[in-house]
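Asks: fold the stuff below for me.
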Amino acid sequence: MKQDYVTLYEQANEIRTKQIQDINNQLVHRSVMVIKWLGSKLPIVLHGISELLRPLFSWNPQPPRSHSH
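Replies: Below is the predicted model of the structure:
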């Protein structure tokens, strides 16, 4: 009878180990999907930020020069 408990305990550990591995595999798969999605959105975000910053770097505080002398 003691052997039955040992066998059940070992089987339970094997099942638990497989479940943990399955959960880890799912997390890795979903993480890769999220990273790819974020990577596809990054150029759009960077372009938006560059458009917001463009006026700051193109501003010229000097009055325009007259070309007619």
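Asks: okay, CA-based contacts and neighbour counts for the rest of this
Replies: Fine.
Asks: Val32 versus Ser66, what's the distance?
Replies: Remark: distance between Ser66 and Val32 (C-alpha to C-alpha, to the nearest Å) = 58 Å.
Asks: out of the two, which sits in the busier spot?
Replies: Set side by side, Ser66 and Val32 show more neighbours around Val32, with 12 against 6, by other C-alpha atoms under 10 Å.
Asks: need the pLDDT of the more buried one.
Replies: Looking at Val32, its pLDDT reads 97.
Asks: now do the contacts for it.
Replies: For Val32, the set of contacting residues under the criterion of C-alpha atoms under 8 Å, 6 or more residues apart in numbering is empty.
Asks: element containing it?
Replies: Assignment of secondary structure by DSSP states H and E places Val32 within helix 2-58.
Asks: gap between that helix and the chain center?
Replies: With C-alpha atoms, centre = their mean, to the nearest Å as the basis, helix 2-58 stands 8 Å off its chain's centre.
Asks: all numbers from here: first residue = 48
Replies: Done: numbering now begins at 48, and the last item shifts to helix 49-105.
Asks: okay, which residue is most central for this structure?
Replies: For the chain, the residue lying nearest the average C-alpha position, counting by C-alpha atoms, centre = their mean, turns out to be Ile82 (3.4 Å).
Asks: what's the local residue count around Lys49?
Replies: When neighbours are defined as other C-alpha under 10 Å, Lys49 has 6 of them.
Asks: what's the separation between it and Ser105?
Replies: The spacing between Lys49 and Ser105, counted by C-alpha to C-alpha, is 82 Å.
Asks: where in the chain is pLDDT low?
Replies: Of all residues in the chain, those with pLDDT under 70 make up the ranges 48, 115-116.
Asks: could you measure from Asp51 over to Thr64?
Replies: Shown here: Asp51 relative to Thr64, a distance of 20 Å by C-alpha to C-alpha.
Asks: so which of these two has more stuff around it?
Replies: Per other C-alpha under 10 Å, whichever of Asp51 and Thr64 has more neighbours is Thr64, with 12 against 9.
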